[in-house]
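# Sequence plus the predicted model coming up.
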Amino acid sequence: MTMQPSTAGTSRILWPSVITVISAAILIGAEVFGAAFAGGWAIAIALGLGDFGAHILQAVLFGIGVLIMIAFIRAAQRVEPFTRRA
């Protein structure tokens with residue numbers, strides 16, 4: 001009786017999909033986080049919050065940017081799956 005390895009439960013990484021999503025995330029992340037820092041600085045100046053207020057506002061907008069990037073990656077994984085069952 002020969003034992004053959006079971007292929008049930010194994011998956012294969014689809015590298016083109018992974019690279020596509022990572023590349024898009026880098027591009028979108030640069031825009032989102034750049035807008036967070038510039039927007040925080042501009043809003044702080046407009047409201048007269050000073051340097052400390054600008055840093056706080058930038059941190060809040062940065063946190064919102066992180067949430068946006070998490071949502072983007074999750075949505076991108078549904079469209080471009082990272083793995084396929086073997």
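That came through fine.

# mean confidence for stretch 43-53?
When the per-residue pLDDT values of stretch 43-53 are averaged, the result is 94.

# The most centrally placed residue in the chain: what's it in contact with?
In the chain, the centroid-proximal residue (CA atoms, centre = their mean) is residue 69; its distance is 3.2 Å. Residues touching residue 69, when contacts are defined by CB atoms under 8 Å, 6 or more residues apart in numbering, comprise 25, 28-29, 32. From N, CA and C alone the C-beta is placed, and that goes for glycine too.

# now do 6 Å
Residues counted as contacts of residue 69 (CB atoms under 6 Å, 6 or more residues apart in numbering) are residue 29.

# Helix, strand, or coil at it?
helix (DSSP: H, G, I helix; E, B strand; the rest coil).

# cool, and residue 12?
Recorded secondary structure, residue 12: strand (three-state DSSP).

# For burial, what's the neighbour tally of it?
Using other CB atoms under 10 Å, residue 12 has 9 other residues around it.

# Let me know the distance separating it from residue 84.
The gap separating residue 12 from residue 84 is 5 Å, by CB to CB, to the nearest Å.
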